[in-house]
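>>> Please work out how this folds:
(3 chains)
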Amino acid sequence: MLPTPKKFFVTAGSAEGKNPLNAFDNALLKCRIGNLNLMRVTSILPPGVQYCPGMEIPPGSLVPTAYGYIISDVPGEQIAAAVGVGFSNDSFGVIMEYSGKCGSQEAERAIESMLKEAFETRNMELAGTKIAATEHRVEKIGCALAAVPLWY
Amino acid sequence: MLPTPKKFFVTAGSAEGKNPLNAFDNALLKCRIGNLNLMRVTSILPPGVQYCPGMEIPPGSLVPTAYGYIISDVPGEQIAAAVGVGFSNDSFGVIMEYSGKCGSQEAERAIESMLKEAFETRNMELAGTKIAATEHRVEKIGCALAAVPLWY
Amino acid sequence: MLPTPKKFFVTAGSAEGKNPLNAFDNALLKCRIGNLNLMRVTSILPPGVQYCPGMEIPPGSLVPTAYGYIISDVPGEQIAAAVGVGFSNDSFGVIMEYSGKCGSQEAERAIESMLKEAFETRNMELAGTKIAATEHRVEKIGCALAAVPLWY
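Next comes the predicted model:
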C-alpha cells in the first residue's frame, strides 16, 4: 500500500501570471508548494497526523495534497480560495476546499459551513478547525489557491 | 516505484448536499469511500488483481481510484454515473467511467460500449465485465458518483 | 514518504474515438501510456532524473505524470497539445503543459513562453528544454494529448 501521511500544514496564496498555468504556478510558489509534485486527493486528514507549519519538503517530491483554486482573466474581478481542516477528538479529520468570485471572508464562511455538514453527516463532533484563505483582485490573469499538503 | 495495486471493488452511489462539495462528499460516503484520500487514476486494472467487494480500508489511506461523477443544482434533473471494469483472460483489464444527465441504464449501456471499444483498440478479447451504476433525481444539489477503488 | 521519481520521458499523440473517454484512451495509447494508471501531478522534474525515451513500464503501474489534453467533437476543428520540460544546470526542472484550438507550432511556442516565465519567477537559469507536441484535425471526436511520465 501507499504510506499514509503523518504530517500536514495549511496554506493559501494568490498571484498573477502571463497565462493561466503560470498564474497557477505562481500561486503555488506563494504558498511555498510550487516546487513539488502535488498529487490531488479527496480529502481526509489521517488519524494522528501532526501539524507542521514550517515543514520543508524536498523539490520534486510527490506530495498528496487537497487543494482548491480559481483562475480568472477578468481584470478587476475579485477571486478567493480557502481550505479548512476539521478535527475530531479521537479519529480522522475532514478537509474541505472552496473557491469563488468573492472575498476571503465569504470563502472562510463557506468552509466553516462545509466542515459542519461533513461532520454532521458522519455523526462526528467537530472539535476544532484550521482554515487558510486568500483573496485577489485580478490585474490581467490571476489565481487564488488554498491547499492542505500531507507529508511524512 | 509506487506499489501496483492487488485488489479492487466497484461501487456507485448518489446523495444530496447543501453545496456541491458536500454533495460529492456525501456520495462518496454512500459508496463507502468517503473517509479515504482518493487519488484519481486513468484507468487500468493491473494484471492478477483480486475482486474484494467487502474490503475495509483504514480512514485517511491513499487509495488509487478511477471514478466518474456529475453534480447538478437543477431540481428535478435526473443524473447518473457508472463505472465498468472489462476483464481479459490472461492480462490486465480496462476501467471506464461515465456520467451524464440520464438514467442508470443509459449510463450502463455507455460503459458497455466504451469497454468494447477499449478492447477492440487493444486487440484484446473482452472476457467479462463488472459494472456499477447509480441514478439520482436532484432535489436541491445532487451528486451521482461511481468508482473503482484499487487497493493492496 | 512516496518515492521521488528517477526517470522521465516526453510524449505526445492524437486520436479519434467513438466518445470522449475513448478518444482520450486512444490518444494515451498513441503516446504509449494507455495501459498505465496515470496519477496527475503538478509539475516538477525532480533533481537528478534521467531521460529514458524508450522506457517500458509494466501495465497497470501507478505512474506520476504531468499532462495536458483537449477533446473536441467539432468536425474539422484543429486541436493541439504540448508539454515541455525546462532544465536547470544543477537543480530541479519545471514541466509545463498546454492545449488549445491551434496547431502544434503555436502550442510549442506557448510552452516555451511558459517555461521562460516559470524560470524567471524562480530566479533560475533555463539551461535547455525538451518539448513534445501534437496536432489533430477532428473527424468526429478527437483528443490531442501530451505528457511527461515520471518513473523509477
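>>> Which residue would be the closest one in chain A to chain B?
Across chain A, no residue is closer to chain B than A:P46, which sits at 2.8 Å (CB to the nearest CB). The C-beta positions use only the backbone N, C-alpha and C, and glycine is treated the same way.
>>> quick one: contacts for that residue?
By CB atoms under 8 Å, 6 or more residues apart in numbering or on different chains, A:P46 lies in contact with A:4-6, A:92, A:150, B:37, B:59-61.
>>> Could you pick out the buried ones from these?
A:4-5, A:92, A:150, B:37, B:59-61 (16 or more other CB atoms under 10 Å in any protein chain shown).
>>> A:N19: which of the contacts of A:P46 is nearest?
A:L150 (28.8 Å; CB to CB).
>>> Could you double-check that the closest one lies in contact with A:S61?
No. With contacts counted by CB atoms under 8 Å, A:L150 stays clear of A:S61, the gap being 11.5 Å.
>>> which SSE is the residue in chain A positioned nearest to chain C in?
Residue of chain A nearest chain C, by CB to the nearest CB: A:G60 (2.8 Å). Per DSSP states H and E, A:G60 falls between elements, in no helix or strand.
>>> Quick check: nearest residue in space to it, chain neighbours excluded?
Distance criterion CB to CB, 6 or more residues apart in numbering or on different chains; nearest residue to A:G60, sequence neighbours excluded, is C:P46 at 2.8 Å.
>>> How much space separates that neighbour from B:K101?
To B:K101, C:P46 is 42 Å away according to CB to CB, to the nearest Å.
>>> Spell out which parts of chain A neighbour chain C.
For chain A, the residues found near chain C under the criterion CB under 8 Å from any CB of the partner chain are A:2-3, A:17-19, A:21-22, A:24-26, A:28-29, A:34-40, A:58-62, A:64, A:151-152.
>>> which residues touch A:E112?
Contacts of A:E112 by CB under 8 Å, 6+ apart are A:84, A:129, A:131.
>>> That one - that's part of a helix, no?
Yes. Using DSSP: H, G, I helix; E, B strand; the rest coil, the secondary structure at A:E112 is a helix.
>>> Report the separation between it and A:P149.
A:E112 is 21 Å from A:P149, where distance means CB to CB.
>>> One more: A:G142?
Applying CB to CB, the value for A:G142 to A:P149 is 22 Å.
>>> now do A:E97
For A:E97, the distance to A:P149 - CB to CB - is 13 Å.
>>> Could you do A:G100 as well?
22 Å.
>>> residue boundaries of the helices in chain A?
Remark: helices assigned in chain A by DSSP state H are A:20-30, A:104-121.
>>> re earlier: ok now do the residue of chain A closest to chain C, which residues does it touch?
Per CB under 8 Å, 6+ apart, neighbours of A:G60: A:35-37, C:4-5, C:44-47, C:49, C:92.
>>> so what's the residue of chain A positioned farthest from its centre up against?
For chain A, the C-alpha farthest from the mean C-alpha position belongs to A:M1; by CA atoms, centre = their mean, that distance is 25.0 Å. Listed by CB under 8 Å, 6+ apart, the contact partners of A:M1 are B:3, B:61-62, B:151-152.
>>> Please report phi then psi for A:I141.
phi -130, psi 120 (degrees, to the nearest 10).
>>> Now do the contacts for it.
A:16-20, A:22-23, A:71-73.
>>> Can I get those in CSV including pLDDT?
CSV is the format used below for the contacts of A:I141 (pLDDT from 0 to 100):
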residue, pLDDT
A:E16, 98
A:G17, 98
A:K18, 97
A:N19, 96
A:P20, 97
A:N22, 97
A:A23, 98
A:I71, 98
A:S72, 98
A:D73, 98
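>>> for the residues you listed, which one is nearest C:E108?
Distance to C:E108 across the contacts of A:I141 (CB to CB) is lowest for A:N19, with 14.3 Å.
>>> can you count the residues close to that closest one?
A:N19 is flanked by 18 other residues according to other CB atoms under 10 Å in any protein chain shown.
>>> quick one: it and C:R109 touch, right?
No. In this structure, A:N19 is not within contact of C:R109 by CB under 8 Å, at 11.6 Å.
>>> A:G100 and A:P149: which has the busier surroundings?
A:P149 (24 against 16).
>>> Show the contacting residues for A:C52.
Residues counted as contacts of A:C52 (CB under 8 Å, 6+ apart) are A:7-9, A:151.
>>> brain fart, A:K140
Counted by CB under 8 Å, 6+ apart, A:K140 has contacts A:16, A:18, A:73, A:75.
>>> what about A:P75, how many neighbours?
Other residues close to A:P75 by other CB under 10 Å number 11.
>>> Can you give me the distance of the residue lying closest to it once chain neighbours are set aside to C:E120?
Once flanking residues are discounted, A:P75 sits nearest to A:V138: 5.7 Å by CB to CB, 6+ apart. Counting by CB to CB, the gap from A:V138 to C:E120 is 21 Å.
>>> likewise A:R40?
For A:R40, the distance to C:E120 equals 26 Å [CB to CB].
>>> Looking at neighbours, which among the contacts of A:I141 is most surrounded?
Counting neighbours by other CB under 10 Å, the top entry in the contacts of A:I141 is A:A23, with 27 neighbours.
>>> How about that one, nearest residue that isn't a chain neighbour?
Nearest non-adjacent residue to A:A23 (CB to CB, 6+ apart): A:G17, at 3.2 Å.
>>> and what of A:S88?
Per CB to CB, 6+ apart, closest to A:S88 is A:M124, 5.1 Å.
>>> what about the one you found, neighbour count?
With other CB under 10 Å as criterion, A:M124 counts 18.
>>> Then the one 5 residues further on?
Burial measure for A:T129: 18 neighbouring residues, criterion other CB under 10 Å.
>>> what's the answer for A:N123, then?
6.
>>> A:L21 and C:S113: what is the separation?
Between A:L21 and C:S113 the computed distance is 11 Å (CB to CB).
>>> typo on my end, A:K101
To C:S113, A:K101 is 27 Å away according to CB to CB.
>>> likewise A:T129?
A:T129 sits 41 Å away from C:S113, going by CB to CB.
>>> again, but for A:A80
Relative to C:S113, and taking CB to CB, A:A80 is found at 28 Å.
>>> swap in A:G68?
Distance, A:G68 to C:S113, using CB to CB: 27 Å.
>>> Next: A:A12.
27 Å.
>>> what about the two, which has more around it?
Neighbours were counted for A:A12 and for C:S113 using other CB under 10 Å; A:A12 has more, 26 against 16.
>>> what does chain A have sitting close to chain B?
A:1-5, A:39-47, A:49, A:64, A:66, A:91-92, A:94, A:96-98, A:110, A:113-114, A:117-118, A:121-122, A:150.
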